[in-house]
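> got a predicted structure plus its sequence, pasted below:
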Amino acid sequence: MKHILILLVAVFSMSLQAQDSKKETLEAKEKSSKSILVVTGLPDSNESEAMAYYSERAKKLFAEAGGKPISKYKVKEQLYGNHSAALVFIAEFPSDQAIKNFFNSKAYKAILPYRNKAFKSLNIYIVNQ
């Protein structure tokens, strides 16, 4: 009887470990399934009004689309390349499709003229970790 009890405890313990392992795997999969947006841009210093208008509205749409800022950097020095940038913005979205939906939405397209005035150049990427 004592051996059966020990065996049941061992089986139960193994079952709990398997459940924990499955949970960790699901959590890791969720993290890896997030999509990363990287934006590099060169703002036009003569278009501060367009930038303010664009930024205010884009920030609201960005949050509604599930975007979460990760970091924002000012470029210190460009070492190589043809595309100048003064800023780098990195954000996380639930999926690649969420990023595409954000940029293709009617509301975002409505502020494109302001974005185009606010930046001399802009590059937008979906990247993998």
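Looks like it arrived, so ask away. Numbering: from 1, shown residues only.
> would you point out which residue is most central in the protein?
Glu92 (1.3 Å; CA atoms, centre = their mean).
> what strand or helix carries that residue?
Element membership for Glu92, per DSSP states H and E: strand 87-93.
> the helix or strand just after that strand to strand 87-93, inter-axis angle?
Going down the chain from strand 87-93, the next helix or strand is helix 96-104, by DSSP H and E. Per axes from the mean of the first three to the mean of the last three CA atoms, to 10 degrees, the angle that helix 96-104 makes with strand 87-93 is 130 degrees.
> count the neighbours of Gly81 for me.
Gly81 has 8 neighbouring residues, counting by other CB atoms under 10 Å. In short, each C-beta sits where N, CA and C put it, glycine included.
> what's the strand holding Glu92 packed up against?
strand 35-43, strand 68-74 (3 or more CB pairs under 8 Å, 6 or more residues apart in numbering; DSSP states H and E).
> what bridges to the residue nearest to the centre of the chain?
Ile36, Lys68 (DSSP bridges).
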